[in-house]
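Undergrad: Return a 3D structure for these sequence lines:
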Amino acid sequence: MQGLSERHYAARVGLSRGAIQKAKEAGRLVLNADGSIDAEASDQRRAAMTDPSKSRAAPAAQQASPNLKPVPEAAVVAVGETLREEGLAAPVAGGSTTYLQAKTANEVLKAQERRIRLQKLKGELVDRARAETLMFRLAREERDGWVTWPARVAALIASELVAVLGEGIMVEPALMQKVLEAHVRAQLDSLAEIRTGLG
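TA: Residues are numbered from 1 along each chain as shown. Below you'll find the model as predicted:
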């Protein structure tokens, strides 16, 4: 055998035998007459034909390249926050973010976005502005119902008190309504202090 077998060449360059077979089929290897691999010539051809972004050495080569722009600090912070939210290892403050960390953060964000889109499609999520408008309208209707309640029930309560306390006791429906309104308004004022937020 003049050159190396697929297995020996794979071990030499640190790739799997399957990757070497694919490179062979794609014509990125130089073969001897007996079918063995010419290692030096194949290394040169692979280097010339392989996309640098798909090379295992790409991150180190890219870091050394002076043409690459520095990563904005905001992007590094966003990567760290995303990873921490998911309980994953995040870059230390002031440290650099690895390519793997940035890629993981990107995949996490894509998964979160897909989950939100799916929940919207299933009807599990609603538009925030619409929900706030609906809450406000329901609260207003509830308040209006309570404001008119004393006028509707004052005469009824007054007659029930007369029945319970006896005929000698007179309860004026107008006075009953006035007392009820004061108590209802006090209750509504205390409820108005509660702020319900959707945040």
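Undergrad: Can you verify residue 177 is assigned to a helix?
TA: Yes: Residue 177 sits within a helix when classified using DSSP: H, G, I helix; E, B strand; the rest coil.
Undergrad: Neighbours of it, how many?
TA: Other residues lying near residue 177 total 19 when counted by other CB atoms under 10 Å. Placement of C-beta: from N, CA and C, glycine included.
Undergrad: Show the contacting residues for the closest residue to it other than its chain neighbours.
TA: The shortest distance from residue 177 to any residue that is not its chain neighbour, by CB to CB, 6 or more residues apart in numbering, is 3.5 Å, and that residue is residue 154. The contact partners of residue 154, taken as CB atoms under 8 Å, 6 or more residues apart in numbering, are 173, 174, 176, 177, 180.
Undergrad: do the same with residue 149
TA: Under the criterion of CB under 8 Å, 6+ apart, the contact partners of residue 149 comprise 180, 184.
Undergrad: Return the distance of it relative to residue 178.
TA: 13 Å (CB to CB, to the nearest Å).
Undergrad: Show the contacting residues for the residue of the chain most remote from its centre.
TA: Residue farthest from the centre of the chain, counting by CA atoms, centre = their mean, is residue 168 at 69.8 Å. If a contact means CB under 8 Å, 6+ apart, then residue 168 has no contacts.
Undergrad: what do you get for residue 172?
TA: Contacts of residue 172 were listed using CB under 8 Å, 6+ apart, and they are residue 158.
Undergrad: Now list the buried members of the contacts of residue 154.
TA: In these, burial by neighbour count holds for 176, 177, 180, counting by 16 or more other CB atoms under 10 Å.
Undergrad: ok, so of the residues you listed, who is nearest residue 30?
TA: Taking CB to CB as the measure, residue 180 is the one of those closest to residue 30, at 98.1 Å.
Undergrad: isn't the closest one right next to residue 147, touching?
TA: No: using CB atoms under 8 Å, residue 180 is not in contact with residue 147, being 10.9 Å away.
Undergrad: about what we covered before: in which helix or strand does the residue nearest to residue 177 reside?
TA: helix 128-165 (DSSP states H and E).
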